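Participant: 3D model of this:
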Amino acid sequence: MKISWSPLAFQRVQEIADYIALDSKKAALKWVDTIFGKVEILGTGPHIGRKVPELNQPDIRELIFGNYRIIYRVLKNRIAIVTVRHFKQILPTEEIGL
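Facilitator: Sure, this is the predicted structure:
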């Protein structure tokens, strides 16, 4: 199954990587590589992530990656990565497109 990333999701990954890079550029690069690798497994198992608890919709799911939530939507022919959020951040529904 094809995986696409929203501009917002890319922006969030960049912001987080920039923050990590303040301490270690090497760690930031490793974090980015790992998050993209984690998302790739969705291509063979799009429902491995849990339903987003505050939304409880079967097509909107999340993968947990350290302290981050990778929020995605399972569509007919693809998986759309919607956003990446820290656990402590509130998930605004407008980021999901609801």
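Participant: helix/strand/coil for the closest residue to Ile41 other than its chain neighbours?
Facilitator: Closest residue to Ile41 apart from its sequence neighbours, by C-beta to C-beta, 6 or more residues apart in numbering: Ile48 at 6.9 Å. Just so you know, the C-beta spots here come from the backbone N, C-alpha and C atoms, and that holds for glycine as well. Secondary structure state of Ile48, per DSSP: H, G, I helix; E, B strand; the rest coil, is coil.
Participant: for the protein, what spans make up the strands?
Facilitator: Using DSSP state E, the strands of the chain run over residues 2-5, 50-51, 60-65, 68-74, 78-86.
Participant: partner strands of the shortest one, with direction?
Facilitator: When you say that, I think you mean strand 50-51. Strand partners for strand 50-51, identified by DSSP bridges, are recorded as strand 60-65 (antiparallel).
Participant: just the last one next, same as before
Facilitator: Partners of strand 78-86 in the sheet, by DSSP bridges, are strand 2-5 (parallel), strand 68-74 (antiparallel).
Participant: give the buried residues for it.
Facilitator: Neighbour-count burial for strand 78-86, counted by 16 or more other C-beta atoms under 10 Å, picks out 79-85.
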